[in-house]
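# need a structure here:
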Amino acid sequence: MKRRRFLFPLAAILLLGLGAYFMGRGDEPEKRPEAQQVHFPTHLRSEEYQRLAKRRTLRPEIAKALAQAAQPDAEPPPRRDPMLAALPPAAPGKTAVVFEANALRNSPIGELMLDCMRKQHGQNPFDEFQKDTHVDPLVDIDRVAVTSDGMMVSGNFTNANWDFLFNHKVSPTSYGQSGQIYVSPSEDSEVGAVGIWNNEMFLTGKDVASVQAAIDRLEGRTPPGPQLISEEDTYGEVYGVISPSDLGAMFGSDNKELAAKLSEVASEVKLHVDAQSDVAMVADLSGPDAEKVSDLGKSLGGVLSLARLKAQAEGDQDLAQLLDLAEVDPDDGRFRAKLALPMSLLEQKLAWCREKSDAGAP
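Numbering: from 1, shown residues only. So this is what the prediction gives:
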């Protein structure tokens with residue numbers, strides 16, 4: 001599961017890294033011809049509305065009771081998506097990014113990454129894991145959420161062999177209506193506890209209390225509050241909220257000035273990645289000081305323009321192609337950065353991944 005956990009975030013990290021590399025000071029970007037058309041995620045699409053509706057399975061017991069107590073004739077609150085309900089409540093400095101693992105696995109970039117892994121291993125890299133745990137990551141896992149407090153995985157875990165994951169050293173403790181909690185036997189572990197809820201959610205936390213809190217949110221013992229990720233923001237194959245400090249940490253030690261500037265200017269960064277054809281990312285950055293945010297966006301746009309000219313002058317066509325698809329749209333108190341990795345370029349660079357499977361295909 002660890003290998004799969006980091007397989008699909010790779011594209012998003014590459015895109016973020018590209019933006020960080022070229023961010024700095026500069027002027028307004030020059031006007032240039034329309035580049036290759038790439039679909040950037042900006043709103044819920046019809047299929048995502050349908051996906052959202054199907055996932056509203058969680059009964060809002062406490063919310064319903066509170067609403068009926070205040071207004072007996074009021075409409076009952078709608079059911080909720082268990083993944084969104086289990087996430088920590090909205091708060092400054094919190095990060096939560098959801099990866100639609102099943103959708104990514106069946107996307108062009110997902111298929112290509114799997115071909116690369118098969119080429120390296122000579123077989124399905126998850127066969128042994130499936131044999132030991134009775135969980136097929138390519139079928140049974142639906143979504144993976146990485147948060148400031150831990151990780152959540154949703155899917156079908158009815159047949160999972162959890163004892164194997166804990167080397168048969170830990171026995172679970174029942175919690176709530178449908179929860180099981182395993183406490184880590186090692187005091188040095190970054191994961192203090194693991195929760196299994198209703199055989200459809202796997203949760204990790206730094207301690208037992210954080211896992212219990214997530215299960216409480218799932219089972220309605222905590223009144224619903226502001227969500228870290230709203231239903232309206234569940235579009236794309238990757239989506240979520242990244243704290244400025246976590247985003248700055250991705251840029252490495254060579255970009256400390258940038259990380260500090262982000263932490264100073266930004267209050268929230270919303271991320272959406274579409275992988276249905278090309279890999280296209282949209283990052284919306286907002287902050288309390290509209291002028292500072294706008295200046296940061298203009299600086300990024302200027303540097304992208306200069307970097308594009310430099311790539312063309314040096315004959316770096318791959319980089320120039322990527323920069324053709326990058327743009328920054330400053331707005332009042334926010335800006336939107338768009339970056340993309342064309343699937344045609346990825347297939348060209350990773351063609352070796354498919355040589356063996358194509359040659360051996362019937």
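
# Output stretch 146-165 as CSV, restricted to C-alpha atoms.
Once side chains and other backbone atoms are set aside, the C-alpha atoms of stretch 146-165 remain, and they are given as CSV (Å, rounded to 0.1, in the frame of the first residue of the first chain):
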residue,chain,number,x,y,z
VAL,A,146,-3.5,12.8,3.0
THR,A,147,-4.1,15.3,5.8
SER,A,148,-2.2,17.2,8.5
ASP,A,149,-3.4,14.6,11.0
GLY,A,150,-2.7,11.4,9.1
MET,A,151,-4.1,9.4,6.1
MET,A,152,-7.5,8.0,5.2
VAL,A,153,-8.3,5.3,2.6
SER,A,154,-11.8,4.4,1.5
GLY,A,155,-12.8,1.3,-0.4
ASN,A,156,-14.0,-2.2,0.1
PHE,A,157,-12.1,-3.9,3.0
THR,A,158,-14.6,-6.7,3.8
ASN,A,159,-12.0,-9.4,3.2
ALA,A,160,-9.0,-7.5,4.5
ASN,A,161,-6.5,-9.4,6.7
TRP,A,162,-5.6,-6.6,9.1
ASP,A,163,-3.7,-9.0,11.4
PHE,A,164,-1.0,-9.4,8.7
LEU,A,165,-0.4,-5.6,8.5
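
# Sort out which residues of that stretch are buried, please.
Within stretch 146-165, the residues that qualify as buried are 146-155, 157, 160, 162, 165, counting by 16 or more other C-beta atoms under 10 Å. Yep, even glycine has a C-beta here, placed from its N, CA and C like the rest.

# what's the most distant pair in those?
Pairwise distances among the buried residues of stretch 146-165 were taken by C-beta to C-beta; the largest, 25.8 Å, belongs to S148 and A160.

# ok so, going back, quick check: of the buried residues of stretch 146-165, which lies closest to G287?
Within the buried residues of stretch 146-165, distances to G287 taken as C-beta to C-beta reach their minimum at S148, with 19.2 Å.

# mind checking how far the closest one is from D284?
When distance is defined by C-beta to C-beta, to the nearest Å, S148 is 19 Å away from D284.

# Same question for V191.
Plainly put, V191 is 31 Å away from D284 if you go by C-beta to C-beta.

# for this protein, which helix is longest?
helix 290-313 (DSSP state H).

# how about that helix as PDB, C-alpha atoms only?
Written as PDB, here are the backbone C-alpha positions of helix 290-313 (Å, rounded to 0.1, in the frame of the first residue of the first chain):
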ATOM      1  CA  ALA A 290      -5.100  41.600  -2.000                       C
ATOM      2  CA  GLU A 291      -2.200  43.800  -3.200                       C
ATOM      3  CA  LYS A 292       0.500  41.400  -1.900                       C
ATOM      4  CA  VAL A 293      -1.300  38.400  -3.400                       C
ATOM      5  CA  SER A 294      -1.800  40.100  -6.700                       C
ATOM      6  CA  ASP A 295       1.900  41.100  -6.800                       C
ATOM      7  CA  LEU A 296       3.000  37.500  -6.100                       C
ATOM      8  CA  GLY A 297       0.800  36.300  -9.000                       C
ATOM      9  CA  LYS A 298       2.200  38.900 -11.400                       C
ATOM     10  CA  SER A 299       5.800  38.000 -10.300                       C
ATOM     11  CA  LEU A 300       5.100  34.300 -11.100                       C
ATOM     12  CA  GLY A 301       3.600  35.200 -14.500                       C
ATOM     13  CA  GLY A 302       6.600  37.300 -15.400                       C
ATOM     14  CA  VAL A 303       9.100  34.600 -14.500                       C
ATOM     15  CA  LEU A 304       7.200  32.000 -16.400                       C
ATOM     16  CA  SER A 305       7.300  34.200 -19.500                       C
ATOM     17  CA  LEU A 306      11.100  34.800 -19.100                       C
ATOM     18  CA  ALA A 307      11.700  31.100 -18.500                       C
ATOM     19  CA  ARG A 308       9.800  30.200 -21.700                       C
ATOM     20  CA  LEU A 309      11.900  32.600 -23.800                       C
ATOM     21  CA  LYS A 310      15.100  31.200 -22.200                       C
ATOM     22  CA  ALA A 311      14.000  27.600 -22.900                       C
ATOM     23  CA  GLN A 312      13.300  28.400 -26.600                       C
ATOM     24  CA  ALA A 313      16.700  30.200 -26.900                       C
END
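
# Okay then, goodbye and thanks.
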